[in-house]
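Enquirer: Need a 3D model of the sequence below.
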Amino acid sequence: MKMNEFMWKGEFSNMIEELEVPDNWDLHVDMNLVKQKTGLIYTQQTFGSFRCARCARSWNSSKVSVLFIINLNKRLRSGTVKIRIFKQGCERCTHSEEIIPTVTSDNIERVVCNLVHKIQRKFYGVTDEYQHQKPKIYGPLEGLHNKERCEACRNGLCEQQMLSCKSEQNREQRDPATSTALSVMSLVTGVASIALMYFANK
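Expert: Below is the predicted model of the structure:
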């Protein structure tokens, strides 16, 4: 089974246009994509469904890892995003081919929306109150995530991406509160300084 490249590219183009992102941006599928020294690395996890071609076993996973490498050529005003969706293997079959998941259109939309907002923040300095969209879960999830049969785990992406994603979300949620706390501290410090000056001159 091949990844639905047309759907991902179409959703990306629509979101770039809808959010009025500057420059020309393209999305390219690369199923051999790995982390690189150049470009912005961005990872997400979404929900996907799998079906083994060998034994017909089906399963769902909420740990479908998606890797993006994002580059912007400012001189040419041209941006490129490479995407890879990582496969999983069937637990029942020992030597079965690893499978590309089926991702629903609404979860593709959520992943792409997160991606485009990331581009806006990192390359164009857009600051808004956008909240990272989590995937919709369809159907039951069976047991624990099998790291040995997960392509992303073998590439060191699963746990790392969850930690980095949580850290970023926590940081974005913490920033307004931190700013408020700093403002209050500055105010208290200022009042204390004025009081000390007043009593020193008495």
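Enquirer: got the end-to-end distance for stretch 64-83?
Expert: Stretch 64-83 has its terminal residues 13 Å apart, counting by CA to CA, to the nearest Å.
Enquirer: Next, the most centrally placed residue in the chain: secondary structure please.
Expert: Central residue of the chain (CA atoms, centre = their mean): Q44, 3.3 Å from the mean position. Under DSSP: H, G, I helix; E, B strand; the rest coil, Q44 falls in the strand class.
Enquirer: again, but for F12
Expert: Counting by three-state DSSP, the backbone at F12 sits in helix.
Enquirer: now it: how far from L19?
Expert: 11 Å (CB to CB, to the nearest Å). Placement of C-beta: from N, CA and C, glycine included.
Enquirer: Mutual contacts of those two, please.
Expert: Each of V116 lies in contact with both F12 and L19 under the rule CB atoms under 8 Å, 6 or more residues apart in numbering.
Enquirer: ok, these two, which is more surrounded?
Expert: Between F12 and L19, counting by other CB atoms under 10 Å, F12 is the more crowded of the two (21 against 14).
Enquirer: The strand of greatest length in the chain pairs with which strands, and in what direction?
Expert: In the chain, taking DSSP state E as the definition, the longest strand is strand 58-73. Strand 58-73 has the following strand partners under DSSP bridges: strand 40-51 (antiparallel), strand 78-85 (antiparallel).
Enquirer: Out of those strands, which is closest to V103?
Expert: Closest approach to V103 among the strands paired with strand 58-73 (CB to CB): strand 40-51, 4.9 Å.
Enquirer: State the pLDDT value of P176.
Expert: On the pLDDT scale, P176 is placed at 45.
Enquirer: Averaging pLDDT per element, find the lowest-scoring helix or strand in the protein.
Expert: Across the helices and strands of the chain, mean pLDDT, DSSP states H and E gives its lowest value to helix 158-200, namely a mean of 47.
Enquirer: thinking again about what came up before, looking at the strands paired with strand 58-73, which is nearest to P101?
Expert: Of all the strands paired with strand 58-73, strand 40-51 sits nearest to P101, with 2.9 Å by CB to CB.
Enquirer: Tell me the buried residues in the closest one?
Expert: 42-50 (16 or more other CB atoms under 10 Å).
Enquirer: Next: stretch 25-35.
Expert: 25, 27, 33.
Enquirer: Could you do stretch 67-86 as well?
Expert: Going by neighbour count (16+ other CB under 10 Å), the buried part of stretch 67-86 is 67-70, 72, 79, 81-86.
Enquirer: Format the residues you listed as TSV; extra columns: pLDDT.
Expert: Formatted as TSV, the buried residues of stretch 67-86 follow (pLDDT from 0 to 100):
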residue	pLDDT
L67	97
F68	98
I69	97
I70	98
L72	97
G79	98
V81	98
K82	97
I83	97
R84	97
I85	96
F86	96
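Enquirer: possible to save these as CSV with distance to C158?
Expert: Output for the buried residues of stretch 67-86, formatted as CSV (distance: CB to CB, whole Å):
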residue, distance to C158
L67, 11
F68, 15
I69, 18
I70, 20
L72, 27
G79, 27
V81, 21
K82, 19
I83, 17
R84, 14
I85, 13
F86, 8
